[in-house]
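Q: Requesting a structural model of the entry that follows:
(chains A and B)
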Amino acid sequence: AQSVAQPEDQVNVAEGNPLTVKCTYSVSGNPYLFWYVQYPNRGLQFLLKYITGDNLVKGSYGFEAEFNKSQTSFHLKKPSALVSDSALYFCAVSRANSGNTPLVFGKGTRLSVIA
Amino acid sequence: GAVVSQHPSWVICKSGTSVKIECRSLDFQATTMFWYRQFPKQSLMLMATSNEGSKATYEQGVEKDKFLINHASLTLSTLTVTSAHPEDSSFYICSARAGGQGYSGNTIYFGEGSWLTVV
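A: Numbers count the residues shown, from 1 in each chain, chains lettered A, B, ... in the order given. Modelled structure (predicted):
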């Protein structure tokens, strides 16, 4: 069975500083990995995904994530945080080539960017 | 990117009544849609997988007679909360997997969610 761990409930970072939101996963076989962002009272917005190929994936709003197979990690990063990046971030995984199976989500990490 | 529309955004209903929430994929066909429930400050809990033209697959612990799911077309799935009670108050989110021309990689797109308050 697939699982996702986001070890930090909350991440605080000063505006302009780099940010990292951690995610590790467990899945049998190759993973498909995703990051989503949720603003208050809103649905989830897709940020980026890793399916295959280059381990460094670039996504929306300047975010990127690096797939590390040996560490089973897919940490989300941004070189310079903005106050508007403050939101709830979810990492998700599904097994590659698994047909129409749903994503399994981590519990979420709340990012606060302080001006 | 692909658009998933969810309606209504919020609804208040009386205890004992039924409420229907619609989920539409606006610019792609979705043979499979997923319904999630999210409690405040918690992650998404998968309720069921909705398959076009067949019965939904419910997760363990989710009452299929209470949460009726219908996937009548390739662009529409509905969730009906029957005989709603205050404990059913929650944020319900649908999602759909985009596939076919122009979409790849199993990306799943989400609706904006629906707040249900049962009084």
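Q: contacting residues around residue 86?
A: As the question left the chain open, I've gone with chain A. A:111-113 (Cβ atoms under 8 Å, 6 or more residues apart in numbering or on different chains). All C-beta atoms are positioned from the backbone trio N, CA, C, and that covers glycine.
Q: try again with chain B
A: B:15, B:118-119.
Q: could the residues you listed be laid out in TSV, adding pLDDT?
A: Output for the contacts of residue B:86, formatted as TSV (pLDDT from 0 to 100):
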residue	pLDDT
B:15	97
B:118	96
B:119	96
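Q: List the ones among these that fall in strands.
A: residue B:118 (DSSP state E).
Q: so where do the strands sit in the chain?
A: In the absence of a named chain, this looks at chain A. Under DSSP E, chain A gives strands at A:3-5, A:10-14, A:19-21, A:24-26, A:31-38, A:44-50, A:56-58, A:64-68, A:73-78, A:87-95, A:104-105, A:109-114.
Q: To clarify, I was referring to chain B.
A: Going by DSSP E, chain B shows strands at B:4-7, B:10-13, B:19-25, B:32-38, B:44-51, B:57-58, B:67-73, B:76-81, B:90-97, B:108-110, B:114-118.
Q: circling back to that earlier point, buried subset of the contacts of residue B:86, written for PyMOL?
A: A single PyMOL command is used to select the members of those judged buried by 16 or more other Cβ atoms under 10 Å in any protein chain shown:
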select buried, chain B and resi 118
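Q: Out of the contacts of residue B:86, flag the one nearest to chain A.
A: Relative to chain A, the closest of the contacts of residue B:86 is residue B:118; by Cβ to the nearest Cβ it sits at 17.7 Å.
Q: quick one, what contacts residue B:108?
A: A:34, A:46, A:102-103, B:34, B:95-98.
Q: Okay, and the beta partners of it?
A: residue B:97 (DSSP bridges).
Q: Distance to chain B added to the contacts of residue A:86, as CSV?
A: Compiled in CSV, those are given as follows (distance: Cβ to the nearest Cβ, whole Å):
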residue, distance to chain B
A:111, 14
A:112, 14
A:113, 19
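Q: looking at the residues you listed, which has the most residues close by?
A: residue A:111 (22 neighbours; other Cβ atoms under 10 Å in any protein chain shown).
Q: Near chain B, which residues of chain A? Just list them.
A: Residues of chain A found near chain B (Cβ under 8 Å from any Cβ of the partner chain) are A:32, A:34, A:36, A:41-46, A:49, A:51, A:90, A:94, A:100, A:102-103, A:105-108.
Q: hmm, 7 Å instead?
A: Chain A comes close to chain B at residues A:32, A:42-44, A:46, A:49, A:51, A:90, A:94, A:100, A:102-103, A:105-108, as judged by Cβ under 7 Å from any Cβ of the partner chain.
Q: For chain B, which residues are neighbours of chain A?
A: So far as Cβ under 7 Å from any Cβ goes, chain B lies against chain A at B:1, B:6, B:31-32, B:34, B:43-44, B:46, B:49, B:93, B:97, B:105-113.
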